[in-house]
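Colleague: here you go, sequence then predicted model.
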Number of protein chains: 2
Amino acid sequence: MKLDPRHLELLSAIVDNGGLTEGADALGKAQPSVSRTVSMLEARVGAPLFEKSRRPLVPTELCLALAVEGRKILAANKSASTIVASYQGGRRGVVRLGGTPVFMDGVISAMIPQFQASFPEVRIEQSYGYSNELRDRLDNNTLDLAICPLNPTTVGDGFEFVPVLQGRNVIACGYAHRLLAKPSIRLSDIANYPWIAPPTSSPLYQDMRQVLADIGIRDFKVSFSGGSLTATINILNNSDALTVLPYSVVFMARRQKTLAALSIRIGHPERSLGLLRSKAAPKRPSVERFSRFVANEFASLSATITKHEQNNLWRD
Amino acid sequence: MKLDPRHLELLSAIVDNGGLTEGADALGKAQPSVSRTVSMLEARVGAPLFEKSRRPLVPTELCLALAVEGRKILAANKSASTIVASYQGGRRGVVRLGGTPVFMDGVISAMIPQFQASFPEVRIEQSYGYSNELRDRLDNNTLDLAICPLNPTTVGDGFEFVPVLQGRNVIACGYAHRLLAKPSIRLSDIANYPWIAPPTSSPLYQDMRQVLADIGIRDFKVSFSGGSLTATINILNNSDALTVLPYSVVFMARRQKTLAALSIRIGHPERSLGLLRSKAAPKRPSVERFSRFVANEFASLSATITKHEQNNLWRD
DNA sequence: TGGTAACATAACATCACGTTATGAAGCTTG
DNA sequence: CAAGCTTCATAACGTGATGTTATGTTACCA
């Protein structure tokens, strides 16, 4: 005797609402539909489920026992509906996120716990990579969202790129670097410090070479290369070394007093940090929501940075 | 987003059986049916439930979450099916049982715990009454089964009567009555003892008058009347009183040494104890099962009584 | 004893679900 | 790496349960 779970739901609706008519519109159906379904069920079961010839329909004991199961089904169904609604609202799901190491560690990783405080059911699967690799992975759908610096004009056709922060680098140093104490810094001052070079595959590597060339430094000493942001920061704070890092990364690190920037204007690359997505891939709500969140965060980060600059607070 | 509980069952079946095909025949359906239902669900939900282009179909996280609810629904459904099966097998339900007080208390009440040991989910709603009242209540469907003494030829048309024990009365007395010590009892011996009269509405009342008339006792002293079997037994065991009771009742009470019978043959009424039911009423399985049980019990009781008589064990 | 409210019945449309047959695409295996 | 098997998807079709509105019964209440 296989029963239709909807019939059990129906029984519990009738029982719990005290009548066939009430149960019917609790389920959003017309009364005759429910009436007939009950009849068919009684025929199948071979037993009366309600005492007939009683006007506020009185459930049989058998019916009450089945209604208990119906309630369980209704509950499970409701929670399934909630799950689906969460998914559709982007409050549940997975976001496969990729980005360049320095930005991910230096900026994005601070945003994620904030996001997950609001949306704990969204799981972030993060990975690292540079723009070409990220594009590939967006293409073969192993990534939902990439965060990387790109020249907006060179974004491929199949991609959608939303710039969130102007590309701008600074010369970074440890928080207690002795150059920070000087009122003005001359190029000759920085020429002889050792440099930390980003990984050669990082766009920062080219940036650094360009920056140093621009300010006339042709010959420089690389004391360390290939490390992550954490390694770089550790070394900067325990040596005289300098390096080139994105403005936003240094800005964030200032709060923990782990990085500082020299007040030397350097040229900025023709790139913007932005959110890169595949146009072809179906837009999952969780990815949508996370993207909006990150864009908003960067908007307010931009505003904060601008405000700091206006107030000349950079070296407060 | 209201979901069909059957779809959730379906998801859990697919997930738990490791594939669409396996899930399909776990549900007893053809594979294309399940395949299409999944497609429709995905369209409704707006999200993939399985990773496509993978041959042992891999469920999405969303799907897994929904499958959890599906399992709950399957479990509730299964237990509902069990409930119905129990009902249909007569292992669950209600039996509204009525009968004459002496038989109910003296014989049937001993059978009920035995029945319920096997079928604890069957509830017995017992009540007392005499044949006319019982017939009425069978007619207006406030009773499923009556157990009472009837003349099989006078059973009405709408009833079905199954005799289970020959009508036969004995003169009953307390277990230590001094008449029991006498090797032979003469009518004059019993004439002067006080008598306990059954309620006048009881057939036993007429029986007693008939018996005493048959054995030539025209004048007798009624010391107590109107009491239940318990009251009767108590009085019998604390006095010299005598009364007329069904053989079977005295036989059962012997085990507890609370009643005995005088070895005087008396005429038996043209009645049989039997199970009376309405032909019109739908046959509920629990009533069927209980009726069969009681009939069997009486069959073996009859056999036991016969055996005792053959072995002359009556006054062991 | 009406009148009202609740349930049952009738008649009909439709759509999801079941079926079989068949196609397409992964995975496996020599 | 191609063959073959397995697994899933699609197509075409019948049907039955479910929904609807309209209307009939019948229990309850005043």
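Modeller: Received, thanks. Numbers count the residues shown, from 1 in each chain, chains lettered A, B, ... in the order given.
Colleague: from here on, contacts and neighbour counts on C-alpha atoms
Modeller: Fine.
Colleague: output the below-cut-off pLDDT ranges for chain A.
Modeller: A:312-316 (pLDDT under 70).
Colleague: let's see 50
Modeller: Where chain A drops to pLDDT under 50, the residues are A:313-316.
Colleague: for it, what lies in contact range of DNA strand C?
Modeller: Listed as neighbours of DNA strand C in chain A under the rule CA under 7 Å from any atom of the strand: A:19-22, A:31-33, A:35-36, A:39, A:52, A:55-57.
Colleague: strands of the stretch 1-150 of chain A, start to end?
Modeller: Using DSSP state E, counting those that start in this stretch, the strands of the stretch 1-150 of chain A run over residues A:50-51, A:58-59, A:93-99, A:122-128, A:145-150.
Colleague: show me what the helix or strand encompassing residue A:172 is packed against.
Modeller: Element membership of residue A:172 [criterion: DSSP states H and E] is strand A:169-173. Judged by 3 or more CA pairs under 8 Å, 6 or more residues apart in numbering or on different chains; DSSP states H and E, strand A:169-173 is in contact with strand A:242-246, helix A:247-255, strand A:260-261.
Colleague: out of those, flag the one nearest residue B:292.
Modeller: Proximity to residue B:292 (CA to CA) singles out helix A:247-255 among these, at 84.5 Å.
Colleague: just name the most buried of the strands of the stretch 1-150 of chain A.
Modeller: strand A:145-150 (a mean of 26; mean count of other CA atoms under 10 Å in any protein chain shown).
Colleague: skipping its backbone neighbours, what lies nearest residue A:76 in space?
Modeller: Nearest residue to residue A:76, sequence neighbours excluded (CA to CA, 6 or more residues apart in numbering or on different chains): residue B:69, at 5.1 Å.
Colleague: wouldn't that neighbour be in contact with residue A:77 here?
Modeller: Yes - applying CA atoms under 8 Å as the test, residue B:69 and residue A:77 come out as touching, 6.8 Å apart.
Colleague: quick one: which of those two has more around it?
Modeller: residue B:69 (27 against 24; other CA atoms under 10 Å in any protein chain shown).
Colleague: and for residue A:181, the neighbour number?
Modeller: Residue A:181: 9 surrounding residues under other CA under 10 Å.
Colleague: which residues does it contact?
Modeller: The contact partners of residue A:181, taken as CA atoms under 8 Å, 6 or more residues apart in numbering or on different chains, number zero.
Colleague: using the three-state scheme, assign residue A:309.
Modeller: Secondary structure, DSSP: H, G, I helix; E, B strand; the rest coil: residue A:309 is helix.
Colleague: gap between it and residue B:264?
Modeller: Distance of residue A:309 to residue B:264, given as CA to CA, to the nearest Å: 123 Å.
Colleague: same check on residue A:225?
Modeller: Taking CA to CA as the measure, residue A:225 falls 120 Å from residue B:264.
Colleague: dump stretch A:156-174 to PDB, restricted to CA.
Modeller: Below are the C-alpha coordinates for stretch A:156-174, written out as PDB (Å, rounded to 0.1, in the frame of the first residue of the first chain):
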ATOM      1  CA  GLY A 156      37.900  39.100 -24.200                       C
ATOM      2  CA  ASP A 157      34.500  38.800 -25.800                       C
ATOM      3  CA  GLY A 158      33.100  36.000 -23.700                       C
ATOM      4  CA  PHE A 159      33.700  37.900 -20.500                       C
ATOM      5  CA  GLU A 160      32.100  40.500 -18.500                       C
ATOM      6  CA  PHE A 161      34.400  42.700 -16.500                       C
ATOM      7  CA  VAL A 162      33.300  45.100 -13.800                       C
ATOM      8  CA  PRO A 163      36.100  47.400 -12.600                       C
ATOM      9  CA  VAL A 164      36.000  48.000  -8.900                       C
ATOM     10  CA  LEU A 165      39.200  49.900  -8.100                       C
ATOM     11  CA  GLN A 166      41.500  51.900 -10.100                       C
ATOM     12  CA  GLY A 167      44.900  50.300 -10.700                       C
ATOM     13  CA  ARG A 168      47.500  52.100  -8.600                       C
ATOM     14  CA  ASN A 169      50.700  50.900  -7.100                       C
ATOM     15  CA  VAL A 170      52.900  52.300  -4.300                       C
ATOM     16  CA  ILE A 171      56.300  51.600  -3.000                       C
ATOM     17  CA  ALA A 172      55.700  49.600   0.200                       C
ATOM     18  CA  CYS A 173      57.900  49.100   3.100                       C
ATOM     19  CA  GLY A 174      57.800  47.900   6.700                       C
END
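Colleague: got the angle for the lengthiest helix in chain A vs helix B:61-88?
Modeller: For chain A, the longest helix by residue count, based on DSSP state H, is helix A:61-88. With axes from the mean of the first three to the mean of the last three CA atoms, to 10 degrees applied, the angle from helix A:61-88 to helix B:61-88 works out at 180 degrees.
Colleague: what's the angle between helix A:61-88 and strand B:93-99?
Modeller: 160 degrees.
Colleague: for helix A:61-88, the distance to its chain's centre please.
Modeller: 32 Å (CA atoms, centre = their mean, to the nearest Å).
Colleague: what's the span of stretch A:160-176 from first residue to last?
Modeller: Stretch A:160-176 has an end-to-end distance of 41 Å (CA to CA).
Colleague: how far off centre is it?
Modeller: 20 Å.
Colleague: the nearest residue to residue A:172 once chain neighbours are set aside: what's it in contact with?
Modeller: Excluding its sequence neighbours, the residue lying closest to residue A:172 (CA to CA, 6+ apart) is residue A:261, at 4.4 Å. Counting by CA under 8 Å, 6+ apart, residue A:261 touches A:170-173, A:250.
Colleague: for the helices and strands packed on strand A:169-173, which one ends up most surrounded?
Modeller: Ranked by mean neighbour count, those are led by strand A:260-261 with a mean of 26 (mean count of other CA under 10 Å).
Colleague: how about the helices in chain A?
Modeller: Under DSSP H, chain A gives helices at A:5-17, A:20-26, A:31-45, A:61-88, A:101-103, A:109-118, A:131-139, A:187-191, A:203-214, A:229-236, A:247-255, A:285-310.
Colleague: beta partners of residue A:146?
Modeller: On the basis of DSSP bridges, residue A:146 is bridged to residue A:98, residue A:276.
Colleague: for residue A:270, give its distance to residue A:201.
Modeller: Taking CA to CA, one finds residue A:270 at 17 Å from residue A:201.
Colleague: tell me which parts of the stretch 1-150 of chain A are close to chain B?
Modeller: Residues of the stretch 1-150 of chain A found near chain B (CA under 8 Å from any CA of the partner chain) are A:1-6, A:8, A:45-47, A:61-62, A:65-66, A:69-70, A:72-73, A:76-81, A:83-85, A:87-88, A:93.
Colleague: same thing but at 6 Å, please
Modeller: Taking CA under 6 Å from any CA of the partner chain as the contact definition, the stretch 1-150 of chain A meets chain B at A:1, A:66, A:69, A:73, A:76, A:80-81.
Colleague: list buried residues within the residues you listed.
Modeller: Buried subset of those (neighbour count, 16 or more other CA atoms under 10 Å in any protein chain shown): A:66, A:69, A:73, A:76, A:80-81.
Colleague: so what's the residue count around the closest residue to DNA strand D within the stretch 151-300 of chain A?
Modeller: Proximity of the stretch 151-300 of chain A to DNA strand D (CA to the nearest atom of the strand) peaks at residue A:282, 16.5 Å away. Number of residues near residue A:282 (other CA under 10 Å) recorded here: 13.
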